[in-house]
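Undergrad: one predicted model, sequence on top.
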Amino acid sequence: MSGLQVGPINDFALGIYDGPHATPQEADEGPVFLGIKNVTPQGTLDLSEIRHVSEQEYPRWTKRVVPQSDDIVFSYEATLHRYAIIPENFRGCLGRRMALIRPDKSKVVPRFLHYYFLSPTWRAQIESNIISGATVDRVPLTRFPGFEVKLPNLALQERIASILSAYDDLIENNRRRIQLLEQAARLLYKEWFVHLRFPGHEHVTVTDGVPEGWLHAELADLCLGNSGIQTGPFGSQLHQSDYTDRGVPVVMPQDLKNLRISTERIARVPEALAEKLARHRLAPSDIVYGRRGDIGRRALVSDKEEGYLCGTGCLRLRPNQERVNPHFLYHALGDYRTQTLIRNRAKGSTMPNLSAKLMASLPVLVPSRLLQQQFGAFATDNSREIELLTDAIAAARVARDLLLPRLMNGEIAV
């Protein structure tokens, strides 16, 4: 690639700023306190789980800088190599160990610079400048402005960014479609089983909030046998030192994201150890439920996740499909009233904790078999569509990640 502009990153920026070196008080709502966990390895923002800063404290946490659209945020300590571009209408502040660069648009296209930060060339430069500390690695922000970049002219930057953005736009479009499908199932559950406006409800007698033909049951009665509700392996069975980069995924509460199992940062164990812990293996239609800390995270296990291990911080529920439809039970466990009952059962002075015994007696209002089947059919179709869209997202990411370095080093002419 000829005609490159070569110089320190500072020459292409209007400013480089780091975030506060502290953490604000917890707030239930307000601007986003943007942390490392909100930036994915693929270079996108993940705001599904956010921490808030109160409106009163917001000015204090934005004294150094107020993030604005086209800024590029990045991590400089602990978990490195995380970059994301700030979208329009974002309102928040930088969290700990986060910084941002404000591109000079007269010299660099922000989208291109974002992709450049994701390239092997830039990653290698960061790796060569990492300072290894006693507890975490970091990139020295005092030297960061002097790190060298090699950028093509603006027109070529725009063309390259447009090619790569097409993949990211496809990913975002599919992600939104997934959200709509999930929302449709939640809304149908609420309409039928909370508001009791199910098909034919006009002709059904309701007594004390229970339609004719519906039954009260305990969760244990809806699961298979004595091991229908089971915690993950104890700490004595599964140690931190057992985890590897490859092998069988182990589902922890932090892997239950957006009501699905995320393998983005999932821990793994060797196959031999997984076989020893075979009673904790997951099967399709199992429900994994987080039992520690942020109780309420859950996921319905799909065919792709068959054989994964239920982790120590989770419960595995195995529905008895002769008594309850797994999709119905999965949504019932997410109902606000049920969630409140579950949280009230959790024990622990410092961290809420659930056991299989505490969950076993959880009351569940079970509708007629016909209604369950109708709802299950709708939810199953949605789940299949979500799986197809998830596969499409994964394929688009692979294609983009293969193309990105080749475009950046000029191997592919545009």
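TA: Thanks, I have it.

Undergrad: who's in contact with Leu333?
TA: Residues in contact with Leu333 (CB atoms under 8 Å, 6 or more residues apart in numbering) are Ile287, Tyr289, Arg298, Leu317, Gln339, Ile342. Yep, even glycine has a C-beta here, placed from its N, CA and C like the rest.

Undergrad: how many neighbouring residues does the fifth one have?
TA: Looking back up the chat, that one is Gln339. For Gln339, the count of nearby residues is 14 (other CB atoms under 10 Å).

Undergrad: tell me the confidence at it?
TA: Here the pLDDT value assigned to Gln339 is 89.

Undergrad: packing partners for the helix or strand it falls within?
TA: Applying DSSP states H and E as the criterion places Gln339 in helix 336-345. If you count contacts as 3 or more CB pairs under 8 Å, 6 or more residues apart in numbering; DSSP states H and E, helix 336-345 packs onto helix 356-360.

Undergrad: same question for the helix it packs on: list its buried residues.
TA: By neighbour count on 16 or more other CB atoms under 10 Å, the buried set for helix 356-360 is Ala356, Leu358, Met359.

Undergrad: closest to Glu49 out of those residues?
TA: Proximity of those to Glu49 (CB to CB) peaks at Met359, which lies at 23.1 Å.

Undergrad: from Lys150, how far off is Ile266?
TA: 35 Å (CB to CB, to the nearest Å).

Undergrad: can you check Asp255 too?
TA: 38 Å.

Undergrad: compare neighbour counts for the two and give me the winner.
TA: Asp255 (24 against 14).

Undergrad: that one against Thr263, yeah?
TA: Yes: assessed by CB atoms under 8 Å, Asp255 is found in contact with Thr263 at 7.3 Å.

Undergrad: so what's in contact with those two at the same time?
TA: Listed as contacting both Asp255 and Thr263 by CB under 8 Å, 6+ apart are Pro249.

Undergrad: and the closest residue to Leu389 other than its chain neighbours, how many residues sit next to it?
TA: The shortest distance from Leu389 to any non-neighbouring residue, by CB to CB, 6 or more residues apart in numbering, is to Asn174 (4.5 Å). Neighbour count for Asn174, taken as other CB under 10 Å: 19.

Undergrad: and Asn174, what element?
TA: Here Asn174 is assigned to helix 154-189, by DSSP H and E.

Undergrad: likewise Arg268?
TA: Using DSSP H and E, Arg268 falls in strand 267-269.

Undergrad: any idea of the mean pLDDT for that strand?
TA: For strand 267-269, mean pLDDT rounds to 91.

Undergrad: repeat for stretch 99-114
TA: For stretch 99-114, the per-residue pLDDT averages 96.

Undergrad: ok so, going back, possible to save the buried residues of helix 356-360 as CSV with distance to Pro103 and pLDDT?
TA: Output for the buried residues of helix 356-360, formatted as CSV (distance: CB to CB, whole Å; pLDDT from 0 to 100):
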residue, distance to Pro103, pLDDT
Ala356, 53, 90
Leu358, 52, 91
Met359, 51, 93
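
Undergrad: how about TSV for these, with distance to Lys37 added?
TA: Compiled in TSV, the buried residues of helix 356-360 are given as follows (distance: CB to CB, whole Å):
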residue	distance to Lys37
Ala356	29
Leu358	28
Met359	27
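
Undergrad: just those residues now: which is nearest Ser162?
TA: Distance to Ser162, by CB to CB, is smallest for Met359 among the buried residues of helix 356-360, at 50.9 Å.

Undergrad: I figured that closest one hits Ile342, correct?
TA: Yes: the criterion here is CB under 8 Å, and Met359 meets it with Ile342 at 7.3 Å.

Undergrad: which residue ranges form the strands in the stretch 51-200 of the chain?
TA: Ranges of strands in the stretch 51-200 of the chain, per DSSP state E, counting those that start in this stretch, are 51-52, 72-75, 83-85, 92-94, 98-103, 131-132, 137-138, 148-151.

Undergrad: I'd like those strands as CSV, with distance to Pro363 appended.
TA: As requested, these are exported to CSV (distance: least, CB to CB, whole Å):
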stretch, distance to Pro363
strand 51-52, 33
strand 72-75, 44
strand 83-85, 43
strand 92-94, 40
strand 98-103, 44
strand 131-132, 53
strand 137-138, 49
strand 148-151, 61
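
Undergrad: Ile9: which of those strands is closest?
TA: Closest to Ile9 of those is strand 148-151 (CB to CB; 5.2 Å).

Undergrad: mind listing what's buried along stretch 119-126?
TA: For stretch 119-126, the neighbour count (16+ other CB under 10 Å) marks Ser119, Trp122, Ile126 as buried.

Undergrad: kindly apply the preceding question to stretch 241-256 instead.
TA: Using 16+ other CB under 10 Å as the test for burial, stretch 241-256 gives Asp242, Gly247, Val248, Pro249, Val250, Val251, Met252, Pro253, Gln254, Asp255, Leu256.

Undergrad: might one say that the third one is in contact with Gly307?
TA: Yes: proximity of Val248 to Gly307 meets the contact threshold set by CB under 8 Å, at 6.6 Å.
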